[in-house]
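what would the 3D arrangement of this be:
(5 chains)
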Amino acid sequence: MSSVPASAFLALALILFCIGLFGALTKKNTVIVLISIELMLNAVNINLVTFSKYGMAPSITGQVFALFAMAVAAAEAAVGLAILMALYRNRKTVNIDDMDNMKN
Amino acid sequence: MIQDMLQSSPGMGNFVIFFILGLVLLLIVLGFVTFSILAERKVMGYIQLRHGPNQVGGRWGLLQTVADVLKLLLKEDIIPKLADRPLFILAPIIAFAPSFMVLATIPFTENFQFADLNVGLLYYVAISGMTVFGVLLGGWASNNKYSLLGGARATAQMISYEIPLVMSVLGVILLSGSLNLNEIVEAQKNGWFILLQPIGFIVFFIASVAELSRTPFDLPESESELVAGYHTEYTGFRWAFFMLAEYVYLFAMSALITVLFLGGWMAPFGFLDFIPGSVWFSIKFFFVLFVYLWLRSTFPRMRADKLMEFAWKVLLPIALGNIFLTALIKSLFF
Amino acid sequence: MNLNWVLSTLVFSPLLGIILLAFLPKTQEKLIKLVGFLATLPALVLSLAAYFHYLAGKKLSDFSVSAEWIQFRGMNANEPIFSVYYELGLSGFQLLLVVLTAIVATLSAIAARYVKKEWKGFFMLFLLLEVGMLGVFTAENLILFFLFFEITLIPTFFLIGKWGYFEKEKAAYSFLIYNGLGSAVLLIVIMILFAKTGTTNVELLSQMTADPTAPLSADLKLGLFIALLIAFGVKLPIFPLHSWMLRVHVQAPPAVVMIHSGILLKIGAYGLIRLGMGIFPEQFETLAVLLAILGVINLLYGAFLAFIQSDFKMVLAYSSISHMGIVLIGLAAMNEAGIQGAIFQVISHGLISALLFFLVGVLYERTETSIIDNLGGLAKGMPIAAGFLLAGAMASLGLPGMSGFVSEFMAFLGLFKVQPWIAAVGTIGIIMTAVYLLRAVLGMTFAQAHRKFDAIVDLKGVEYVPVIVLMLLIVLIGVYPSVLSSPLQATLETIMLGLGG
Amino acid sequence: MELLNIYQNNYLIVFVFLCLGVLLPVVALYLGKLLRPHKPSEAKLTTYESGVEPFHDSRVQFNVRYYIFALMFVIFDVETVFLYPWAVAYEKLGVFALIEMLIFVVMLFIGLVYAWKKKVLRWI
Amino acid sequence: MSLDTLLSYNWGIMTPEFIILVVIALLTIFDLFMPKTMDRKILGWIGLAAIFAAMVTTASLAGGSVESILDDTFRLDSFAIAFKLLLLAGAGLVMFLAVSYGAKEGLENYKGEFYYLFLTALLGTMIMTSSGDLITLYIGLELLSISSYILAGIRKNNLKSNESAMKYVINGSISSAIALFGMSYVYGLTGTTNLLDIAAQLSVLMDSQHVYLLGISFLMILVGLAFKLAAAPFHMWAPDVYQGAPTPVTAFLSVVSKTAGFVIVIRILLTVFGAAATEGPGSVPLLLDMQDYIAVIAGATMIIGNVVALKQTNIKRLFAYSSIAHAGYLLVAVTTLSSNMFYSIWFYLLAYLLMNLGVFAVIQVVAGKTGSEKITDFAGLYRRSPWLAVAMGILLISLAGFPGTAGFIGKLNIFMGAFATEGHYVLASIMIATTVISYFYYFGVMTQIFFRPAADTSKFNMPFGILVVLIITVVGSIWFGIFPNTALDFMHNNLNIIDDFFS
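Reported below is the predicted structural model:
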């Protein structure tokens, strides 16, 4: 498996990141948006872990960073879902386009 | 031979060999499951002073479960009209596959282990967590109120008990300084972790019972409340795979407890070393298994709210405390 | 004797009034008006004292103040990279404007007796405005100048917007935006100069721009000068930038228009002379013809439009534009007579317009109109007021013996020397001035009366003070111009030196 | 090189187990299809609700409590991300890490107490 | 790492953080175990005391040499102290607002939560200022962000609050993911997350491919942080969030959070990309190469912020756009990289803190009384409460940047930098032009306050907290407008930021 070059991992991360970004920016369903954001963060983690093994100067720090990123992502998702629940209770929708109560 | 193969570079040949070996294990496990069901019935029968299977299946009802399997195989396969078909089909597979996968890393004896992973314990915890998806999906895809409720309950219970489970095992990791199951066994040379980690063991054991959805924590499939729970709509072999997963987990969990707390294949005292590791392992393994069966036949089912609160309010704080107690002991005495 | 304190005290003395007013109950109308009036007096006294100090033959530089104020620091250096000093000073020109400001401010405080509501707020803003004006004329430093310049904006905005007439808010807004833009452009100029030369002191800058080794290219200087022209052109106002000023003249309350027309517009002229001519003499020369043409356009445009107005306030507003044209004409001449004429015009117009607007205020107070037709036959009801109105108009149209004549004469004299053709066209404006002013004033005083003036009281009591004081000053300058010209001598010499003549 | 091979072979085994785990159900179900009867009827295909005619859609909104527990799980489970490496490396890190982790777990515990007091942990 | 290492660290430099951290924990526990009926205001006062104590300790740390502990992840330098003081001051004032917050659908039920979440966010900002490592920087940022998400949605039964929080979560998470992705490349190219080590590594970067990659990561970090700063075109979330959040939270977001955003921008951009070479060692830093991008963002932010503000009818939205515009002004200073950049940014943030918090104090009083947030609610404020009106007037004038107020000096500083170095004339001109545009809406509010008649002439009750905030902000705005050197000299004499970055 050492034959797999680092660039493949990086490309994977980039593709995942782009998919996530696309989803986060275009999807109507808030849950999917949150999932897309998680995808973006996971792409970052792939990057970090790849670099920690195959980077210019491999070091363990990348993995540490990835762990922190995971924990933060979890907290973010938890807060996002909690807020979504509060919103759903009041509004009965998870559609982003329905969030237009302001601008007046 | 195995060592040589492990050291050769991986390729198709290795894959085939591993596949055959894995298949052997699979058959063993299937055989185990078949007979552990029988054993369970028998044990419960004796404990509750009633007879287990004795009408069919030859002597002691040995073939009873074989007949059961054949019956399941021949049953008509029904997928409800309103069900979400792809998910309905997928759910049992998702539930079963991880249960078998976790077996790969368990060291049965010194030499008999499939994958000696550095992060074996983490692997077990991570992969076993996947089963929840199968259960939840099964419940959801059936489009049945009982199933949905059962699936949700099962999920809530499993994830709640997973927290104390992973926390309690930290004591073991602290003492052994490794996640590799082999090394954990080695670390018990001077004393089993059940002695050094009594609190951790108790928490782990209770949580494991809940993870296996066995009495007294069998709420997800409480027949009397939920008409069987998340697999209400499943029949035949699809249903069988949910059951199979449960029993394979029973197998895996018994093995894991043996490895983590009971010293794995090691003899309890040095002078008993002449008895081979596999025997020791089997003895311990069957003992643990027996305790599970024993529990099932003696305890009543817990109330749903008590069950959940027990995990968060009792087990989790104890597990957290145990971590520090262990860390403190370790830095003071080791 | 150390006279450093004088200018600071002079500029900030109205603040004392503000503080006093803040503690007065807001229902005490009489008391508030009295305090407001009294608070303008220290500045007046001090400015007159300074004038007599000068007349006594002592140097004006006695008054200069300079203190450290702001230091902008950069990397590593312990020395600040840029320093702004608190610098106030007086030259002859500035002295005259300070005196003018002090006088007009005091008189407007008297005119402020017509304010009908919220006297407290009015006087507080009014006094703040005075601080700003005095500061503008004494600042020796561009940043300080800009600070005071902007300080005049805010009180004026509120004074117009709150105490003005019907379309007050619109007027206040157009005042704010036009002047805001002007000051923004001014700020750019100041900042570029500051960044390039490291100083904002006007003196130093004048020396620096004359120095060919200074880090300012000719193109940049021209650009800066044009920007400056726009900035002060808004204030003055020069023809295409004037529309805000009409609204302000019509909508603002009398006391504010007195200040506005009498002094605020002069800030534009002051800026052009002191900064434009002082710092960029060469560029000024380059654009002199353009300025002359702009001046004539202003003159004619104002005059023609003044001719067709039916509201006397509008007449005066256009007349202001027209008269500011004369300032430009004088400046564009680039010789001693012209510049002197321009400065004379600045001061004389300050006095005259203050007088006329005061009278308009008086009339409006009594008749609630300023439409010329409605005021016909005024001479019967209010003979004294009508008389002063006529006298004021005469001064404005340049009757010999009054201040207007001296200034217009000298401005044109200057321009004829250099640009006879343009000047010739300009003279049409002089004639037009006579026509429209007489039309308007005579229409009010002696024309057929459309209403009864029985119940209307003529000028009385304290109202005489502004009228007489202003009239006396106008005549004084007309008869004895050297009250102005002697303090100006030094200033003019400096300017001429800068112009290379 | 040998270590790498062992490492990779181990994961190959994991992959084999995954394949087996998936294949078994697939094969078994396929074989079953050849053996079992197939006689669908309308009644067989309806959803089971204790013999009563099914009513409403079954995919009702879950009780909100389930979500809250899911959130709690996410938080606490991910925090173990820090506990596991810490436990493994504890020997090398020493007291320093113990104190650090103590602070961390105290914070975690405050979170638990918070949830407890806010009655989030109560089922029904 | 044994006990010796543990004790060898100079923990004293973390005192402010520890104070806040301990108080957070205490407040959480107090809130949980206090009887339901008890007023939670006491928690607010405790929090305030903590902020004050942290401020005093931070100030007492000033003047020392640069110290770093925990393997250089926590770094206390002059930069950190200077900005930490700002953050603490801002947070303290916001706390005063929060203590007196009593809107109709107020925070009564969640007041306890509010206080410690607020302190948590503050802790995040403090960690950001002091971090010497990408990981701590990121953790600080997220600590701030996640707490802010909850704060924005703390009125959980209010639909607007929910929406505001949801939008904030989505936008904030996307932006931090983008920035993090950029950071991962920086890590990949250097193999370290320590900012100084990164700088050292990047300064000898040779490969053009890597420079290209670094450029991409720069842009990603810039975009991610631009979201946080609410810089155009990534500002869309700000108005909605500001409108929906409770007023103290809005004040916090627009002041403290923004300050923290600039802190991180300076830290990352200057340390990492200021050192990165474009063509081998000693060549032009990448940051200078990329200056144009920042300039474009700055220009767009100023224009969009000011122009869109013109048509707002909701006062909080108006100030959302206003604060976007101010972020634009600050970005001008970042763009120019002039020698007085730190002073100008710091001073501007100080001025901005004073004037904006003052304005939000007034908004809180007025909106609390009327129950709505329309600009027309301010009509006749001068009649109803002259002092409040005058205070608001002064603050607005300061925001508009008139001389004699701190806002003017702040802008002057920035102009100075813009004209001084290579002469960013276009940017500076945009800044001046948009400032004039801003007169329209600032004076529009003034028109309501001073010129329009009041619909309702009842008086306001001014809680003590609001009074304190107003006095501090108004006096501060004028004081620093007239004697700016009191602040600038403090910076210069006690702190030497330049050394932190270029030594």
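
scan chain C for its longest helix.
helix C:336-367 (DSSP state H).

give the next helix or strand downstream of that helix.
helix C:378-381 (DSSP states H and E).

how about the longest helix of chain C: buried residues?
For helix C:336-367, the neighbour count (16 or more other C-beta atoms under 10 Å in any protein chain shown) marks C:336-364, C:366-367 as buried. Yep, even glycine has a C-beta here, placed from its N, CA and C like the rest.

quick one: the helices in the stretch 301-450 of chain E?
Remark: helices assigned in the stretch 301-450 of chain E by DSSP state H, counting those that start in this stretch are E:315-336, E:341-370, E:381-384, E:386-400, E:406-420, E:425-446.

the stretch 101-250 of chain C too?
Using DSSP H, counting those that start in this stretch, helices in the stretch 101-250 of chain C cover C:119-138, C:142-163, C:168-197, C:202-210, C:218-235, C:243-251.

from E:Phe227, how far out is the residue nearest to B:Val203 when sequence neighbours are not counted?
Among residues not flanking B:Val203 along the chain, B:Ser168 sits closest, at 3.9 Å (C-beta to C-beta, 6 or more residues apart in numbering or on different chains). Look at B:Ser168 and E:Phe227: by C-beta to C-beta, to the nearest Å, they are 41 Å apart.

now B:Ser9
Taken as C-beta to C-beta, the span from B:Ser9 to E:Phe227 is 47 Å.

those two - which one has more neighbours?
E:Phe227 (23 against 13; other C-beta atoms under 10 Å in any protein chain shown).

in the helix or strand harbouring that one, what counts as buried?
Assigned by DSSP H and E, E:Phe227 belongs to helix E:208-229. Buried residues in helix E:208-229, counted by 16+ other C-beta under 10 Å: E:210-211, E:213-215, E:217-218, E:220-229.

also stretch C:424-431?
Per 16+ other C-beta under 10 Å, stretch C:424-431 contains these buried residues: C:425-426, C:429-430.

run the chain-centre distance for the longest helix of chain C.
Chain-centre distance of helix C:336-367: 9 Å, with C-alpha atoms, centre = their mean, to the nearest Å.

next, the angle from that helix to helix C:243-251.
In terms of direction (axes from the mean of the first three to the mean of the last three C-alpha atoms, to 10 degrees), helix C:336-367 departs from helix C:243-251 by 40 degrees.

mind giving me the packing neighbours of helix C:336-367?
Of the remaining helices and strands, those touching helix C:336-367 by 3 or more C-beta pairs under 8 Å, 6 or more residues apart in numbering or on different chains; DSSP states H and E are helix C:92-111, helix C:254-259, helix C:265-271, helix C:312-333, helix C:383-397, helix C:403-418, helix C:464-479, helix C:482-499.

dump those helices to JSON lines, plus mean pLDDT, mean neighbour count and distance to B:Gln113.
Below are the helices and strands packed on helix C:336-367 laid out as JSON lines (pLDDT from 0 to 100; neighbours: other C-beta atoms under 10 Å in any protein chain shown; distance: least, C-beta to C-beta, whole Å):
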{"stretch": "helix C:92-111", "mean pLDDT": "88", "mean neighbour count": "25", "distance to B:Gln113": "99"}
{"stretch": "helix C:254-259", "mean pLDDT": "87", "mean neighbour count": "29", "distance to B:Gln113": "96"}
{"stretch": "helix C:265-271", "mean pLDDT": "89", "mean neighbour count": "25", "distance to B:Gln113": "92"}
{"stretch": "helix C:312-333", "mean pLDDT": "88", "mean neighbour count": "28", "distance to B:Gln113": "101"}
{"stretch": "helix C:383-397", "mean pLDDT": "87", "mean neighbour count": "22", "distance to B:Gln113": "112"}
{"stretch": "helix C:403-418", "mean pLDDT": "87", "mean neighbour count": "24", "distance to B:Gln113": "108"}
{"stretch": "helix C:464-479", "mean pLDDT": "88", "mean neighbour count": "18", "distance to B:Gln113": "109"}
{"stretch": "helix C:482-499", "mean pLDDT": "81", "mean neighbour count": "17", "distance to B:Gln113": "98"}
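
and the strands in chain A?
Ranges of strands in chain A, per DSSP state E: none exist.

run through it and note the low-pLDDT ranges.
Filtered on pLDDT under 70, chain A yields the residue ranges A:1-4, A:101-104.

which stretches in it count as helices?
A:6-26, A:30-54, A:61-91.

can I get the ones you listed in JSON lines with distance to C:Trp119 and mean neighbour count?
What follows is the helices of chain A, written out as JSON lines (distance: least, C-beta to C-beta, whole Å; neighbours: other C-beta atoms under 10 Å in any protein chain shown):
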{"stretch": "helix A:6-26", "distance to C:Trp119": "59", "mean neighbour count": "16"}
{"stretch": "helix A:30-54", "distance to C:Trp119": "58", "mean neighbour count": "22"}
{"stretch": "helix A:61-91", "distance to C:Trp119": "52", "mean neighbour count": "21"}
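
can you list these in JSON lines and add distance to B:Phe271?
Output for those, formatted as JSON lines (distance: least, C-beta to C-beta, whole Å):
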{"stretch": "helix A:6-26", "distance to B:Phe271": "53"}
{"stretch": "helix A:30-54", "distance to B:Phe271": "47"}
{"stretch": "helix A:61-91", "distance to B:Phe271": "45"}
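
so which of those helices comes closest to chain B?
helix A:61-91 (12.4 Å; C-beta to the nearest C-beta).

close to chain E, is the closest one?
Yes: against chain E, helix A:61-91 shows contacts by C-beta under 8 Å from any C-beta of the partner chain at A:61-62, A:64-65, A:68-69, A:72, A:75-76, A:79-80, A:82-84, A:86-87, A:90-91.

between that helix and helix A:30-54, what angle do the directions make?
Using the same axes, to 10 degrees: helix A:61-91 against helix A:30-54 is 180 degrees.

show me what helix A:61-91 is packed up against.
helix A:30-54, helix D:64-88, helix E:134-152, helix E:159-190.

comparing those helices, which comes out most buried?
Among the helices and strands packed on helix A:61-91, helix E:159-190 has the highest mean neighbour count (mean count of other C-beta atoms under 10 Å in any protein chain shown), at a mean of 26.

are it and chain D in contact anywhere?
No: in terms of C-beta under 8 Å from any C-beta, no part of helix E:159-190 sits within range of chain D; the closest distance is 13.6 Å.

that helix vs helix E:208-229, what angle?
Per the same axes, to 10 degrees, the angle that helix E:159-190 makes with helix E:208-229 is 160 degrees.

in the next helix or strand after helix E:159-190, what counts as buried?
Next helix or strand after helix E:159-190 toward the C-terminus (DSSP H and E): helix E:195-202. By neighbour count with 16+ other C-beta under 10 Å, helix E:195-202 contains the buried residues E:195-199, E:201-202.

same check on stretch C:142-161?
For stretch C:142-161, by 16+ other C-beta under 10 Å, it's C:142-161.

how about stretch C:429-438?
By neighbour count on 16+ other C-beta under 10 Å, the buried set for stretch C:429-438 is C:429-430, C:432-434, C:436-437.

what sits against C:Ser310?
C:371-373 (C-beta atoms under 8 Å, 6 or more residues apart in numbering or on different chains).

compare those and tell me which has the most neighbours.
C:Ile372 (22 neighbours).

quick one, phi/psi of that residue?
Backbone dihedrals for C:Ile372, given as degrees, to the nearest 10, come out at phi -60, psi -40.

residues contacting it?
Here C:Ile372 is in contact with C:309-312, C:315, C:440, C:443-444 (C-beta under 8 Å, 6+ apart).

which other helices and strands contact the helix or strand containing B:Phe15?
Using DSSP H and E, B:Phe15 sits in helix B:12-47. Packing partners of helix B:12-47 (3+ C-beta pairs under 8 Å, 6+ apart): helix B:64-74, helix B:236-261, helix B:277-298, helix D:2-35.

determine which stretch of those is the most buried.
It is helix B:236-261: most buried of the helices and strands packed on helix B:12-47 by mean count of other C-beta under 10 Å, with a mean of 24.
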